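1. Generate coordinates for the sequence data below:
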Amino acid sequence: MAKMKLFELAIARSGDKGDGSNVGIRANTPQIYDFLVKELTAERVKDHFSRICLGDVERYEIPNLQSLNFILHDSLGGGGTETLKTDAQGKVHGLGLLHMEMDVPSHLTDPARK
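-> Okay, here's the model as predicted:
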């Protein structure tokens, strides 16, 4: 196992949906996608964003795109024109999630073992 940040395994895109934000994560390989399906749970994402996400976190799997989409409810302080938050649209939430550290099996991190 190796401790890695999610940005070494995937890319992200995020935005707003009213008072919630959505974060899409796309794995770099099918093997990494399978790992993320098991390990990158809604609960872990909720814990990672515990200071800003006051509501539930929902996760949707998109296997044909090797992607996961997370909806962070009540994470934008009212959203758009109602919030006092600097990032009223959740644009940096994707980058924030990419900084999550994970324990990753060595067969996913060592190119010689793939």
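2. Which secondary structure element of the protein has the lowest mean pLDDT?
-> Across the helices and strands of the chain, the lowest-confidence element by mean pLDDT, DSSP states H and E is helix 106-109, at a mean of 85.
3. What strand or helix carries the most centrally placed residue in the chain?
-> The residue lying closest to the centre of the chain (Cα atoms, centre = their mean) is residue 97, at 4.5 Å. Using DSSP states H and E, residue 97 falls within helix 93-98.
4. what does that helix rub up against?
-> Helix 93-98 has contacts (Cβ atoms under 8 Å, 6 or more residues apart in numbering) with 5-7, 10-14, 21, 23-25, 45, 48-49, 70, 72, 75, 87. The C-beta positions use only the backbone N, C-alpha and C, and glycine is treated the same way.
5. Please narrow these to those residing in strands.
-> Among those, DSSP state E puts 5, 10, 11, 12, 13, 14, 21, 23, 24, 25, 70, 72 in strands.
6. out of the residues you listed, who's nearest residue 107?
-> Nearest to residue 107 among these, counting by Cβ to Cβ, is residue 10 at 16.8 Å.
7. Isn't the closest one up against residue 29?
-> No - here residue 10 does not reach residue 29: they are 9.6 Å apart, not a contact under Cβ atoms under 8 Å.
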